[in-house]
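*Asks:* Give me a 3D structure for the following:
(2 chains)
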Amino acid sequence: MANIMIRKSDKGYVFYLPKRDIEDSITSMEFDTPEKWGGEIKLGNGGVYFIEPQAAPARLPYSVRARRVDGVE
Amino acid sequence: MAALTREETQALIEEVLEVYPEKAKKDRAKHLMVNDKELESSKKCITSNRKSLPGVMTMRGCAYAGSKGVVWGPIKDMISISHGPIGCGQYARGGRRNYYVGTTGVDTFCEMNFTSDFQEKDIVFGGDKKLAKLIGEIEMLFPLNKGISIQSECPIGLIGDDIEAVAKKTAAEIGKPVVPVRCEGFRGVSQSLGHHIANDSVRDWILSNRDNQPFEKTPYDVAILGDYNIGGDAWSSRILLEEMGLRVVAQWSGDGTLAEMENTPNVKLNLLHCYRSMNYISRHMEEKYGIPWLEYNFFGPTKIAESLRAIAAHFDEHIKEGAERVIEKYTAPMNEIIAKFKPRLQGKKVMLYVGGLRPRHVIGAYEDLGMEVIGTGYEFAHNDDYDRTIKDMGDATLIFDDATGHELDEFVKVMKPDLIGSGIKEKYVFHKMGFPFRQMHSWDYSGPYHGYDGFAVFAKDMDLTLNNPCWKMIKAPWDKQEAEAEKKAA
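*Replies:* I've put the predicted structure just below:
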């Protein structure tokens, strides 16, 4: 489990892992509706993380706990 | 142009790696790359922010250097205590020439060394009592200080002193913020972690101090983040922002004060110059206070104009006009400078090995003078820095991470740059080899280099160094001996 921060850029969601200084675009997010948000997220660098599905945050950037499923650290 | 092709550069890397033992070779190979502008991410080509190899010469600093020397040190009205043995503090007091206005020893304290001067008995019995006494003495002798930060040196973490408890107790006693910073030198692989720790301690102990207090806001409030006012850099940046109609609320942290930092959550936009050392706090403010942040580059007229327009895009027409007015005003004098120095510098090749933002940010300034950067490298960058660098550097140029003494020497011998920009540890080696050299960590005791005024100094300095006749007269001592030995043999 790691704390990650999700921001919005003009190209979509951006993933940031402060501990490792990894910043990358989020290419896909499993759930992206106001009621259900999160799930499996895929990164531009091939990494896959999982966020417990939850209500979408009122404001971005948003820090959330995530689990690394696959791919590069 | 005598720049190397992709294959030649790759061959050079392999040649340089040849001397290492197998294991070291494998490791170092990951830190060297030939640039390819097409790349989206640096991840697969260069590894960074890893522990330096034992046995090779590295140029890196420690976490204490990153926290005390870079982030906390320049805050002028706070006293940063170097908590531990005396040496670290002595070599970290204003060494980067972070200029400030004020009377040192009365209301500003950057150039002074405050230390708890650890002795054997403090290691054995703990130094908390000494620290509390020290803070009391500081408050008595320097009553105009606005706050105190405790910068831990290695022994503090090793013996397990509880500086947080001392900080809380003494803060209540003196009625000022006392910030414990756990930046022991052994943490992390380089000064980079020190920046992170310093940012986190600012976030936890300083940033929210004035939340919900009245503050007279204007729609044009900005803060300059990550400018340490080396040789007056922040001042030559600040006047441009003010000229275009913005109000600079805070400077982090060159010539900055504690009050400025506490007021920063009220700004509309955070302007981030050194991404590496202050992106952490920018991201935090974006999340907590909803303040967007923007990276800018104030080296060389091309990049300044780009940055001023990008900054203005966040504001209304008034500021946009202001930006155009500023650019217009400085175009003629800048063209004059370029006309004067470009003929003397055109086509010259530069190699850089610095830290923070410089390996990529100064490229534009060199290009404005018609020079070409053929190799660049960071001491302590992370992958996000390299992602940004790949776009700024030319194709087939050399990029190196945490270069060793041997690698730098060999690169320079083969690539023969006309100018080398690096730190004090490399300076005299390259002087002896007869290469023009600028110490680019603190502008070789010159400056400022930021902003339009800075570019004038920058252009002049580069010309003075590069076209100095002395370089041709130098023969390296080791070459001299060889020549003499040959003579004797013959």
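
*Asks:* Quick check: next helix or strand after whichever helix or strand B:A167 is part of?
*Replies:* Using DSSP states H and E, B:A167 maps to helix B:163-174. Going down the chain from helix B:163-174, the next helix or strand is strand B:178-181, by DSSP H and E.

*Asks:* I would like the residues contacting that next one, please.
*Replies:* By C-beta atoms under 8 Å, 6 or more residues apart in numbering or on different chains, the residues outside strand B:178-181 that reach it are B:67-68, B:72, B:135, B:147-152, B:163-164, B:166-168, B:170-171, B:197-198, B:201-202, B:205-206. C-beta: built from backbone N, CA, C; applies to glycine.

*Asks:* Could you tell me which residues within the helix holding B:A167 count as buried?
*Replies:* B:I163, B:V166, B:A167, B:T170, B:A171, B:I174 (16 or more other C-beta atoms under 10 Å in any protein chain shown).

*Asks:* Likewise for stretch B:283-297?
*Replies:* B:R283, B:H284, B:M285, B:E286, B:E287, B:I291, B:W293, B:L294, B:E295, B:Y296, B:N297.

*Asks:* For chain A, which segments count as strands?
*Replies:* Shown for chain A, the strands assigned by DSSP state E span residues A:2-9, A:12-17, A:22-32, A:37-43, A:48-54, A:62-70.

*Asks:* Turn those into CSV, columns for distance to B:E15, mean pLDDT and mean neighbour count.
*Replies:* Conversion of the strands of chain A to CSV gives the following (distance: least, C-beta to C-beta, whole Å; pLDDT from 0 to 100; neighbours: other C-beta atoms under 10 Å in any protein chain shown):
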stretch, distance to B:E15, mean pLDDT, mean neighbour count
strand A:2-9, 40, 89, 16
strand A:12-17, 36, 89, 18
strand A:22-32, 32, 88, 17
strand A:37-43, 36, 90, 20
strand A:48-54, 39, 91, 16
strand A:62-70, 38, 89, 15
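
*Asks:* Reformat those strands as JSON lines; add distance to B:S442.
*Replies:* Below are the strands of chain A laid out as JSON lines (distance: least, C-beta to C-beta, whole Å):
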{"stretch": "strand A:2-9", "distance to B:S442": "33"}
{"stretch": "strand A:12-17", "distance to B:S442": "31"}
{"stretch": "strand A:22-32", "distance to B:S442": "29"}
{"stretch": "strand A:37-43", "distance to B:S442": "38"}
{"stretch": "strand A:48-54", "distance to B:S442": "41"}
{"stretch": "strand A:62-70", "distance to B:S442": "35"}
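
*Asks:* Can you tell me which of the ones you listed is nearest to chain B?
*Replies:* Chain B sits nearest to strand A:22-32 of all those, at 4.8 Å, using C-beta to the nearest C-beta.

*Asks:* coming back round to it: tell me which entries of the buried residues of stretch B:283-297 lie within strands.
*Replies:* Judged by DSSP E, those include B:W293, B:L294, B:E295 as members of strands.

*Asks:* nearest to chain A, of the buried residues of stretch B:283-297?
*Replies:* For the buried residues of stretch B:283-297, the closest approach to chain A (C-beta to the nearest C-beta) belongs to B:E287, at 4.4 Å.

*Asks:* Chain A contacts on the stretch 1-150 of chain B?
*Replies:* B:E40, B:S41, B:K43, B:N49 (C-beta under 8 Å from any C-beta of the partner chain).

*Asks:* Got a quick PyMOL command for the buried subset of these?
*Replies:* Remark: buried members of those, expressed as a PyMOL selection using 16+ other C-beta under 10 Å:
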select buried, chain B and resi 41+43+49
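
*Asks:* tell me the residue furthest from the middle of chain A?
*Replies:* The centre of chain A is farthest from one residue, A:E35, which by C-alpha atoms, centre = their mean lies 16.5 Å away.

*Asks:* ok, that one - contacts?
*Replies:* Going by C-beta under 8 Å, 6+ apart, A:E35 touches A:A55, A:A56.

*Asks:* Look up phi and psi at it.
*Replies:* Dihedral angles of A:E35 (phi, psi; degrees, to the nearest 10) stand at phi -80, psi -40.

*Asks:* Check the secondary structure at B:E324 for me.
*Replies:* helix (DSSP: H, G, I helix; E, B strand; the rest coil).

*Asks:* what number of residues lie near it?
*Replies:* When neighbours are counted by other C-beta atoms under 10 Å in any protein chain shown, B:E324 registers 15.

*Asks:* Could you report the separation of it from B:S236?
*Replies:* To B:S236, B:E324 is 20 Å away according to C-beta to C-beta, to the nearest Å.

*Asks:* Over to A:Y49?
*Replies:* 43 Å.

*Asks:* wait, B:F109 sits on B:K146?
*Replies:* No. B:F109 lies out of contact with B:K146 (C-beta atoms under 8 Å); the separation is 9.8 Å.

*Asks:* list the residues that contact both of the two?
*Replies:* Counting by C-beta under 8 Å, 6+ apart, the contacts common to B:F109 and B:K146 are B:D77, B:M78.

*Asks:* In the helix or strand bottoming out on mean pLDDT in chain B, which residues are buried?
*Replies:* Between all helices and strands in chain B, the lowest mean by mean pLDDT, DSSP states H and E belongs to helix B:477-489, at a mean of 77. Using 16+ other C-beta under 10 Å as the test for burial, helix B:477-489 gives no buried residues.

*Asks:* Residue numbers of chain A in contact with chain B?
*Replies:* A:5, A:7, A:16, A:18, A:21-24, A:44-45, A:59, A:61-63, A:72.

*Asks:* farthest pair in those?
*Replies:* Taking C-beta to C-beta, the two most distant members of the residues of chain A next to chain B are A:R59 and A:V72; they sit 29.3 Å apart.

*Asks:* So which of those two has more stuff around it?
*Replies:* Taking other C-beta under 10 Å, A:R59 and A:V72 do not tie; A:V72 has more neighbours (13 against 9).

*Asks:* from the buried residues of stretch B:283-297, which single one is nearest B:I319?
*Replies:* Looking across the buried residues of stretch B:283-297 and measuring by C-beta to C-beta, the closest to B:I319 is B:L294, at 13.2 Å.

*Asks:* hang on, the closest one packs against B:F315?
*Replies:* No. In this structure, B:L294 is not within contact of B:F315 by C-beta under 8 Å, at 11.2 Å.

*Asks:* Mind listing the shared neighbours of these two?
*Replies:* B:L269.

*Asks:* Format the ones in strands among the buried residues of stretch B:283-297 as CSV; extra columns: pLDDT.
*Replies:* Shown next, in CSV, are these (pLDDT from 0 to 100):
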residue, pLDDT
B:W293, 94
B:L294, 95
B:E295, 95
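
*Asks:* how far is stretch B:232-252 from where the chain is centred?
*Replies:* Computed by C-alpha atoms, centre = their mean, to the nearest Å, the chain-centroid distance of stretch B:232-252 equals 19 Å.
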